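Colleague: Pasted the sequence and its predicted model underneath.
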Amino acid sequence: MITLSIATMLQQYARDFNCLSDQDRKTRQRALQKLSALASSPQSELDEAWEQALRIPLLKLFSDTVEKNRELAIGLATQLVPVLGPGMLRDSLPYLLPVIVARLASNPVAEEGEELRLQLLQLLQLVLERTGGEGIAPHLPELVEVLSASYADAFPDSKKAACALTKAVAEQLPTYIEPHCAALVKALQPMLAHQHSRVRSVATEALVALLLCEDSSLPEVGPQLALLVSDRAPAVREQAVHSITQLLVRMDGQARRGHSARLLPLLLGALSDEVDSIAKLALVSLDRLGELLSAPPRSEEHTSELQS
């Protein structure tokens, strides 16, 4: 049922909604700018306007021929997602995700603007936060397409955003992402040797998140973990020590026993790191792992303490 306030909103912005499909580039741009005011609307009113008049024309502008208009369209969606009701947002995923896949996962990539590719990944992260894992689970194959393509993005910030999104998805949807982990690990591997140390660090975090969901790729990436423990950048070495510790602590008992011979020597090697804080971190990690590996199964509370 459309209330008076919703009807008033639809009437107030009717021209701007129509102008989103106008042939003139400037007209589309002005409409996008004016519609940013909708971000301050009550949720119920915005939901109705979004579904009836805004969703389809706005998402079409993600592929506008004018880069500025694409930027404004993505920016407007990013403004509105926090205001939309969770139910409306979930119902919009079949519209939103194919559009983002088309912009990011095509070969060659359709979105030429590197900052816009970054904004699309950040929009996906926001959608995941708003809908929760279960809301996005049915669309995971589409999301995996985007992640795999974004690992290979030439823009380092997009690589980092893809890693952050990978970690969030793995933590929220470990069961759903399990069948995709091996393929994602393979696609992610080149980032572990990226020229930027920050990319190597966040890629290591994403790698561990995937391995904790499904560990069959660990023998393959073990040599790269060994290289990360001796990386030229101290921050990367520290992240590698922390990540290896997390793997050993959080794996189930059988997986831990199966991989300890591969991972423990990496921590032992870190004991001689030239940076004292990293050597100490390795020592503390080994001490805690020794307790875990030698003691009988303990409570979840004790395991949680070790993870910290």
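Modeller: Yep, it's here. This structure is a prediction, so every number in the text was calculated from the model and none was measured. Numbers count the residues shown, from 1 in each chain.

Colleague: The spatially closest residue to residue 48 that is not a sequence neighbour in helix, strand or coil?
Modeller: Nearest residue to residue 48, sequence neighbours excluded (C-beta to C-beta, 6 or more residues apart in numbering): residue 6, at 4.7 Å. For every residue, glycine as well, the C-beta is placed using N, CA and C. Three-state call for residue 6 (DSSP: H, G, I helix; E, B strand; the rest coil): helix.

Colleague: What number of neighbouring residues does residue 6 come out with?
Modeller: By other C-beta atoms under 10 Å, 19 other residues sit near residue 6.

Colleague: Distance-wise, check it relative to residue 13.
Modeller: Going from residue 6 to residue 13 by C-beta to C-beta, to the nearest Å gives 11 Å.

Colleague: The residue nearest to residue 48: what's it in contact with?
Modeller: Contacts for residue 6 (C-beta atoms under 8 Å, 6 or more residues apart in numbering) come out as 44-45, 48-49.

Colleague: can you tell me which two in those are farthest apart?
Modeller: Longest distance between any two of the contacts of residue 6 is 9.9 Å, between 44 and 49; criterion C-beta to C-beta.

Colleague: ok, these two, which is more surrounded?
Modeller: residue 49 (21 against 13).

Colleague: on that earlier part again, overlap of the contact sets of residue 6 and residue 13?
Modeller: Common neighbours of residue 6 and residue 13 (C-beta under 8 Å, 6+ apart) are residue 49.

Colleague: Residue 50 against residue 89, yeah?
Modeller: No: if you go by C-beta atoms under 8 Å, residue 50 and residue 89 don't touch, sitting 9.1 Å apart.

Colleague: between the two, who's got more neighbours?
Modeller: Legend: neighbour count by other C-beta under 10 Å for residue 50 and residue 89, higher for residue 50 (25 against 22).

Colleague: How many residues are close by residue 82?
Modeller: Neighbourhood size, residue 82 [other C-beta under 10 Å]: 12.

Colleague: what about it, which SS state?
Modeller: coil.

Colleague: quick thing: my sequence starts at 37, can you match it?
Modeller: Yes, from this point I'll number from 37; that puts the last item at residue 118.

Colleague: That one touches residue 167, doesn't it?
Modeller: No: contact criterion C-beta under 8 Å: residue 118 and residue 167 do not qualify, at 11.7 Å.

Colleague: which residues sit in contact with residue 145?
Modeller: 139, 153, 185, 189.

Colleague: Would you mind giving the secondary structure of it?
Modeller: Residue 145 - assigned by three-state DSSP - is coil.

Colleague: and if you look at residue 127?
Modeller: Assignment for residue 127 (three-state DSSP): helix.

Colleague: hey, C-alpha coordinates of the host helix or strand of residue 109 in PDB?
Modeller: Element membership of residue 109 [criterion: DSSP states H and E] is helix 103-116. Presented in PDB, the C-alpha positions along helix 103-116 are these (Å, rounded to 0.1, in the frame of the first residue of the first chain):
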ATOM      1  CA  GLU A 103      32.600   7.800 -16.800                       C
ATOM      2  CA  LYS A 104      31.400  10.600 -14.600                       C
ATOM      3  CA  ASN A 105      27.900   9.300 -14.800                       C
ATOM      4  CA  ARG A 106      29.000   5.800 -13.900                       C
ATOM      5  CA  GLU A 107      30.800   7.200 -10.900                       C
ATOM      6  CA  LEU A 108      27.700   9.100  -9.800                       C
ATOM      7  CA  ALA A 109      25.500   6.000 -10.200                       C
ATOM      8  CA  ILE A 110      27.800   3.800  -8.200                       C
ATOM      9  CA  GLY A 111      28.100   6.500  -5.600                       C
ATOM     10  CA  LEU A 112      24.400   7.000  -5.400                       C
ATOM     11  CA  ALA A 113      23.900   3.200  -4.900                       C
ATOM     12  CA  THR A 114      26.500   3.300  -2.200                       C
ATOM     13  CA  GLN A 115      24.700   6.100  -0.400                       C
ATOM     14  CA  LEU A 116      21.300   4.300  -0.600                       C
END
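
Colleague: Any stretches of this structure with poor pLDDT?
Modeller: Applying pLDDT under 70 to the chain flags residues 37-40, 331-344.

Colleague: Apply 80 and report the result again.
Modeller: Regions of the chain meeting the criterion pLDDT under 80 cover residues 37-40, 169, 289, 327-344.
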